[in-house]
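Chemist: quick one, what's the 3D model for this:
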Amino acid sequence: MNVMHWSRLALAGMLIFGTGLTSCVSTRAHQTAMDEKDAELRKLREERAALKGQIQDLRSNLDNTRGELANASAKVNEDPPAKEEKRFPELDQMGIDYGMKDGHMTISIPNSISFAAGQAALSNDGKKAIKEVAALLKKQYPKATYWVEGHTDSDPIKKSKFDSNRELSVERALAVQKFLVEECSVADDDCVVAGHGQYDPVVPNDNDKNKAKNRRVEIVVHKRG
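Modeler: Residues are numbered from 1 along each chain as shown. Now for the predicted structure:
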């Protein structure tokens, strides 16, 4: 009986010890897992904080860039290119219009100072104007081809030897080109002549003032090289 009693006691003790050992191991494993999760959470928080800092820096840089672009845009609007401000007082005084058109300097000589109504012979005032234009062309645009283009209003030809506005515009352009070559020493092969008639108005032909603006000879500068 004593042997059996002690055997039972030993077995019970072993069971209790085993249970306690298992419980201890399980607790340690749980603690280790918790520690790992805590470490991972700390790492994630640190990464999130770093990302927030980077986002803030990017926003700040973006705001700075927007400010710089706004300042640059304002400066462009305040300071237009110098070539747009270029003026020729000698042409202004004679009532000759000029400016950039389709990327080319265009000088517009109104027929009111160049030709009598329905005629293609240059007036004295027209000759003076063309001499002034020729001097400017040779000084400012020496390496260029000059397109001499005639224009009329939309009124039909009535009292003239010409059959159409197109013919009249061509003859006037030829008169200007001939004077440039013969009297102003412009090379003939630097000139191109064209007549548009009423088909290229600068303003609608709906009143006398606008029609006067459309009656003109233009010299369009096409730069070379």
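
Chemist: can you report how many residues neighbour residue 166?
Modeler: Using other CB atoms under 10 Å, residue 166 has 17 other residues around it. Glycine gets a C-beta too; all of them are placed from N, C-alpha and C.

Chemist: so who does it touch?
Modeler: 195-197, 199 (CB atoms under 8 Å, 6 or more residues apart in numbering).

Chemist: name the element it belongs to?
Modeler: Residue 166 is part of helix 165-184, with elements assigned from DSSP states H and E.

Chemist: and that helix, what's buried?
Modeler: Across helix 165-184, burial judged by 16 or more other CB atoms under 10 Å covers 165-177, 179-181, 184.

Chemist: now for the helix or strand just after that helix, which elements pack on it?
Modeler: Using DSSP H and E, the helix or strand that follows helix 165-184 in sequence is strand 191-195. Where contact means 3 or more CB pairs under 8 Å, 6 or more residues apart in numbering; DSSP states H and E, strand 191-195 is packed against strand 144-151, helix 165-184.

Chemist: buried sites along the next helix or strand after strand 191-195?
Modeler: Counting by DSSP H and E, the next helix or strand C-terminal to strand 191-195 is helix 208-214. Neighbour counts using 16+ other CB under 10 Å place 211, 213-214 of helix 208-214 among the buried residues.

Chemist: identify, from those, the entry nearest to residue 32.
Modeler: Closest to residue 32 out of the buried residues of helix 208-214 is residue 213 (93.7 Å), distances taken as CB to CB.

Chemist: quick check: the gap between residue 184 and residue 154.
Modeler: Using CB to CB, to the nearest Å, residue 184 is found at 31 Å from residue 154.

Chemist: repeat that for residue 118.
Modeler: 14 Å.

Chemist: re the thing from before, and the contacts of residue 166 as a markdown table, adding pLDDT?
Modeler: Below are these laid out as a markdown table (pLDDT from 0 to 100):
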| residue | pLDDT |
| --- | --- |
| 195 | 98 |
| 196 | 97 |
| 197 | 97 |
| 199 | 97 |
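
Chemist: most surrounded residue in the residues you listed?
Modeler: residue 195 (22 neighbours).
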